[in-house]
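Asks: Build me a model:
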Amino acid sequence: MPGELEHYIALCAGAKPRSEMTIAETRAAMLGARRHQAAFDAPVAVADASANGVPVRLYGAPAAGALLYFHGGRFLSGDLETHDLFCRELAGRSGCRVCAVDYRLAPEHRFPAAYEDGLAAADWLRGEADRVGVGGDSAGGALAAAIALTGFAWQMLFYPMLDATSDQTVPDGPWPNAADMRRGWEAYAAGEERNPMVSPMFVADYRRFPPTYLVTAEVDPLRAENLEFADGLRAAGVSVEHHDYPGMVHGFALMTGVFAQAREAVQAAAGGLRLALR
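Replies: You can find the predicted model right below:
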């Protein structure tokens, strides 16, 4: 993988450092990063809808099993378009329906706006499918894990933001670092860092979580808290399927056009989704 990582660094050469970007620039950069995603050519039915007033995008035909999915972006960025190919592939490979949530973003909308959007969408999807799971990546993983506590069959988390008080370091590079994560947390939920609806790591009883599919990356400021979370789930008797990808960076699953391990991770997650909910 070092060759692929070097290639990715070269692709990002000259880009403005994340720490210097405005909110608008952050959102534009994440949208532009779609160039790192490989196309998924299999046909998948796609339809936009309203889930109790929250915009959602549905991938796949109605099915008994469905996944409520929250995009990443440190609560500041990301939308239905940034994760469109990712959700198409999950639905196409799993045979399950994927419901992507276009939740409100910070700093315009602070906690509990995104959380409330997630609850509304969850209530709607429970009326549409027999077996419902919840998933997300990065900030979306935080929302997924918090909303999973309201009762879900399964959760799928890609390198989730779980602890607003953590401060882990990673080597410098064109990937998120601890300062980037702090910026997202501060914009979304300053003063609520230990609220379990913000930081699921602070839930008193881990037995409340459903069986968990967890993806982690080696070059990720969230890796330590992700591993601690997995340990806490296992200690509470919650089933954990953990996939750790050496040499990969935070957000790598959206870089299927760059990293072979990204393609492997998405295909494996679709397989896990199929087994859990179909």
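Asks: C-alpha from now on. contacts and neighbour counts both.
Replies: Noted.
Asks: List the contacts of the closest residue to Val240 other than its chain neighbours.
Replies: With sequence-adjacent residues excluded and distances taken as C-alpha to C-alpha, 6 or more residues apart in numbering, Val240 is closest to Thr212, at 4.8 Å. Residues near Thr212 by C-alpha atoms under 8 Å, 6 or more residues apart in numbering: Trp154, Gln155, Met156, Leu157, Val238, Ser239, Val240, Glu241.
Asks: pLDDT and distance to Ser138 for those - can I get that in TSV?
Replies: Output for those, formatted as TSV (pLDDT from 0 to 100; distance: C-alpha to C-alpha, whole Å):
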residue	pLDDT	distance to Ser138
Trp154	98	17
Gln155	98	14
Met156	98	11
Leu157	98	8
Val238	98	21
Ser239	98	21
Val240	98	18
Glu241	98	18
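Asks: Of those, which pair is most distant in space?
Replies: Greatest spatial distance among the contacts of Thr212 (C-alpha to C-alpha): Leu157 and Val238, at 14.4 Å.
Asks: quick one: the residue nearest to Val240 and Ala63, what's the gap?
Replies: 21 Å (C-alpha to C-alpha, to the nearest Å).
Asks: again with Val258
Replies: For Val258, the distance to Ala63 - C-alpha to C-alpha - is 32 Å.
Asks: which of those two has more neighbours?
Replies: Val258 (20 against 16; other C-alpha atoms under 10 Å).
Asks: mind checking pLDDT for that one?
Replies: Looking at Val258, its pLDDT reads 93.
Asks: Count the neighbours of the residue lying closest to it once chain neighbours are set aside for me.
Replies: Excluding its sequence neighbours, the residue lying closest to Val258 (C-alpha to C-alpha, 6+ apart) is His36, at 6.1 Å. Residues within reach of His36, counting by other C-alpha under 10 Å, total 16.
Asks: Quick check: His36 touching Thr256?
Replies: Yes: if you go by C-alpha atoms under 8 Å, His36 and Thr256 touch, sitting 6.6 Å apart.
Asks: Listing request: residues of the stretch 51-200 of the chain with sub-threshold pLDDT.
Replies: Residue ranges of the stretch 51-200 of the chain with pLDDT under 70: none are present.
Asks: returning to that earlier point: does the residue nearest to Val240 have beta-bridge partners, and which?
Replies: Counting by DSSP bridges, Thr212 forms beta bridges with Gln155, Val240.
Asks: Output the contacting helices and strands for whichever helix in the chain runs longest.
Replies: Of all segments of type helix in the chain, defined using DSSP state H, the longest is helix 260-277. In this structure, helix 260-277 packs against helix 84-94, strand 131-137, strand 212-219, with contacts taken as 3 or more C-alpha pairs under 8 Å, 6 or more residues apart in numbering; DSSP states H and E.
Asks: Ignoring the adjacent residues along the chain, who's closest to Val56?
Replies: Nearest to Val56 is Val101, by C-alpha to C-alpha, 6+ apart, at 4.6 Å.
Asks: Need phi/psi at the one you found.
Replies: Torsion angles at Val101 (phi, psi; degrees, to the nearest 10) stand at phi -100, psi 130.
Asks: what comes into contact with whichever strand or helix holds Leu5?
Replies: Using DSSP states H and E, Leu5 sits within helix 2-11. Contacting residues not belonging to helix 2-11 are listed as Gly173, Pro174, Gly247, Met248, Val258, Phe259 [C-alpha under 8 Å, 6+ apart].
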